[in-house]
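*Asks:* The sequence and its predicted three-dimensional model are supplied below.
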Amino acid sequence: MRIQLFQPQAIYEMGGRTNQEDCIYPQKGKATDENRVFVVCDGMGGMDKGEVASAAVCGALSKVCENLYKDDRPFTDDMFRQAVQQAYDALDAADEKHEGSMGTTMTFICFHAGGCLVAHIGDSRIYHLRPSMGYPEGVRFRSRDHSLVQQLYDLGELSYYGMATSPRKNIILKAMQPHQDQRTKPTFAHITDVKPGDYFYLCTDGMLEQMDDDELLSIVGNADKTDEEKVAQLIELTKNNADNHSAYLLKVKDVELDPVADNSLLSDENELRAKNKALNDTRKGEAWSEETAQPEAPVQKDSVAASQPAPQRLSAPESRKKNLLPYGIMAALAVMMFLVGTALGVWLFFFKGKAQPEVTDSTLQDTVKTVPAVAVSTDTVSTDSIPRDTLNRVKETEAADTVNRIKGAETKDTPGQQEVPTETIKPGDL
């Protein structure tokens with residue numbers, strides 16, 4: 001793949017500041033259609049020597065990349081990482097007092113045989129625009145800012161439009177600073193779906209104070225204006241911005257494809273676009289998250305008044321309580337069953353036991369008179385003459401105790417034989 005460019009267009013404005021802390025490569029007025037490496041840096045506002053930091057990084061990064069670049073081979077991630085490390089070394093050297101208070105953002109693009117390699121740190125931004133597709137599809141790629149408002153927006157705590165007016169919009173989460181124990185790493189993207197007429201736009205956050213993506217796409221896609229006129233319009237629209245604002249507008253002239261080699265090129269633009277919330281947000285005027293973005297559940301007319309708010313999702317603690325409900329019911333049933341079983345056992349023990357006839361000495365005497373004597377052996381009791389149901393009743397009572405008591409009380413004339421009394425038996429039972 002070989003990408004040819006029209007004449008690059010640079011913007012390098014002071015804005016409302018008294019010093020210029022931005023730095024761009026190539027310098028304004030020095031770029032040609034042969035350039036393949038472009039860098040835009042924004043010295044951190046409010047930091048000491050922001051212009052020193054941006055110049056050190058921009059100069060070292062562009063120099064190393066130009067030396068590593070070869071027209072006939074891809075420019076790899078490892079090559080760029082090597083350039084970033086040397087840019088950090090230059091930044092460390094520029095901080096002569098080792099104060100570590102200065103810093104800069106960084107955006108980078110390289111057009112090479114493998115497509116486009118783009119990278120950034122901080123809130124300076126990179127766009128890939130295809131005006132022929134219109135908005136929003138025409139914003140093919142947009143880097144995700146390393147800023148506090150971007151993080152709050154992604155979390156659903158801030159609306160898309162709220163990012164531009166938030167008092168915390170100048171707070172960034174990543175930057176290139178000197179003497180870092182862990183040097184901040186850039187975020188990469190690889191773009192191979194490039195067509196003639198596409199634009200790439202590298203800019204500092206100052207360019208976007210009063211401009212949104214749809215307006216930007218409309219300006220660069222105006223077929224009635226030249227690229228120089230488009231840049232003049234961008235400068236006019238941002239002249240009252242408080243911050244420095246710098247940019248490079250790069251238009252693709254032609255793309256020569258290699259049907260064989262291009263099939264193996266790395267491209268993650270579509271994946272990154274799908275994950276970029278800002279490019280898929282249909283509710284930009286309000287803060288929203290994944291939960292609130294879901295369609296509301298239908299409400300039945302006879303159950304919930306129309307004026308009542310939609311049911312809210314349970315929080316994590318409430319959900320856990322709800323999940324424990326079946327276990328509570330099971331425990332309560334187990335306790336109830338235990339109490340019922342205990343009560344039944346008590347009733348059987350006290351009341352059922354009292355219902356049984358009490359065996360006394362007088363009862364034994366009556367039993368002896370009622371039941372004919374049965375000859376028994378001291379070793380074996382003959383049960384031939386005892387009805388089976390009578391014998392069962394004897395077994396069900398404490399027969400053994402009764403027999404023992406009779407043995408000591410009465411003895412028949414026949415040696416070794418004695419009468420065996422049983423519990424009182426009604427005549428009808430025999």
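*Replies:* Sure thing, it's come through.
*Asks:* Quick one: low-confidence residue ranges for this structure.
*Replies:* Along the chain, the parts satisfying pLDDT under 70 run over 45-48, 288-332, 334-335, 346-430.
*Asks:* so where do the helices sit in it?
*Replies:* Remark: helices assigned in the chain by DSSP state H are 50-68, 77-94, 148-154, 162-165, 213-220, 227-237, 269-275, 316-347, 353-354, 361-370, 388-396, 399-409.
*Asks:* Contacts for stretch 130-137 next, please.
*Replies:* 138, 140, 195, 197-199, 213-214, 217-218, 220-221, 279 (CB atoms under 8 Å, 6 or more residues apart in numbering). Any C-beta I mention is one placed from the backbone N, CA and C, and that applies to glycine too.
*Asks:* Among those residues, name the buried ones.
*Replies:* In terms of neighbour count (16 or more other CB atoms under 10 Å), the buried residues within the contacts of stretch 130-137 are 138, 140, 198-199, 213, 217, 220-221, 279.
*Asks:* Same list (those residues) but as JSON lines, adding distance to Met163.
*Replies:* Formatted as JSON lines, the buried ones among the contacts of stretch 130-137 follow (distance: CB to CB, whole Å):
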{"residue": "Gly138", "distance to Met163": "21"}
{"residue": "Arg140", "distance to Met163": "21"}
{"residue": "Asp198", "distance to Met163": "26"}
{"residue": "Tyr199", "distance to Met163": "23"}
{"residue": "Asp213", "distance to Met163": "12"}
{"residue": "Leu217", "distance to Met163": "18"}
{"residue": "Val220", "distance to Met163": "22"}
{"residue": "Gly221", "distance to Met163": "24"}
{"residue": "Leu279", "distance to Met163": "14"}
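*Asks:* quick one, what contacts Thr107?
*Replies:* Thr107 touches 39-41, 118-120, 124-126, 143, 202-203, counting by CB under 8 Å, 6+ apart.
*Asks:* Counting neighbours, what do you get for Leu61?
*Replies:* 26 (other CB atoms under 10 Å).
*Asks:* residues contacting it?
*Replies:* Contacts of Leu61 (CB under 8 Å, 6+ apart): 25, 39, 83-84, 86-87, 106, 108.
*Asks:* Tell me where the stretch 151-300 of the chain has strands.
*Replies:* Applying DSSP state E, counting those that start in this stretch to the stretch 151-300 of the chain gives strands spanning 187-191, 199-203, 245-256.
*Asks:* Let me know which of the ones you listed is tucked in deepest.
*Replies:* Mean neighbour count, computed with mean count of other CB atoms under 10 Å, is highest for strand 199-203 among these, reaching a mean of 25.
*Asks:* strand partners of that one, parallel vs antiparallel please.
*Replies:* Applying DSSP bridges, strand 199-203 is found paired with strand 125-129 (antiparallel), strand 245-256 (antiparallel).
*Asks:* Asp193 against Ser267, yeah?
*Replies:* Yes. Under the criterion of CB atoms under 8 Å, Asp193 makes contact with Ser267 at 6.5 Å.
*Asks:* Now for Tyr280: which residues touch it?
*Replies:* Heads up, residue 280 is Asn, not Tyr. Ala274.
*Asks:* Need the phi and psi values for it.
*Replies:* phi -130, psi 10 (degrees, to the nearest 10).
*Asks:* can you tell me how far it sits from Asn241?
*Replies:* In this view, Asn280 and Asn241 are 27 Å apart by CB to CB, to the nearest Å.
*Asks:* How about Ser132?
*Replies:* Ser132 is 29 Å from Asn241, where distance means CB to CB.
*Asks:* okay, those two: which has more neighbours?
*Replies:* With neighbours defined as other CB under 10 Å, Ser132 and Asn241 compare such that Asn241 has more, 20 against 12.
*Asks:* Now do the same contact list for that one.
*Replies:* 13, 15-16, 206-207, 209-210.
*Asks:* Could you do Ala247 as well?
*Replies:* Ala247 neighbours (CB under 8 Å, 6+ apart): 10-11, 24, 40, 201-204, 207, 234.
*Asks:* Go again with 7 Å.
*Replies:* Going by CB atoms under 7 Å, 6 or more residues apart in numbering, Ala247 touches 11, 40, 201-203, 207.
*Asks:* May I have the beta-bridge partners of it?
*Replies:* Ile11, Cys203.
*Asks:* Distance of it relative to Met79?
*Replies:* According to CB to CB, Ala247 stands 25 Å off from Met79.
*Asks:* same deal with Ile219?
*Replies:* Note on Ile219: its distance to Met79, by CB to CB, is 33 Å.
*Asks:* still on that earlier bit, out of the strands paired with strand 199-203, flag the one nearest Asp181.
*Replies:* Across those, Asp181 has its closest neighbour in strand 125-129 (27.5 Å, CB to CB).
*Asks:* if we can go back for a sec, as a markdown table, the contacts of Leu61 with distance to Thr226 and neighbour count would be great.
*Replies:* Compiled in a markdown table, those are given as follows (distance: CB to CB, whole Å; neighbours: other CB atoms under 10 Å):
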| residue | distance to Thr226 | neighbour count |
| --- | --- | --- |
| Tyr25 | 24 | 24 |
| Val39 | 25 | 27 |
| Ala83 | 33 | 26 |
| Val84 | 35 | 24 |
| Gln86 | 37 | 16 |
| Ala87 | 34 | 27 |
| Met106 | 30 | 25 |
| Phe108 | 27 | 28 |
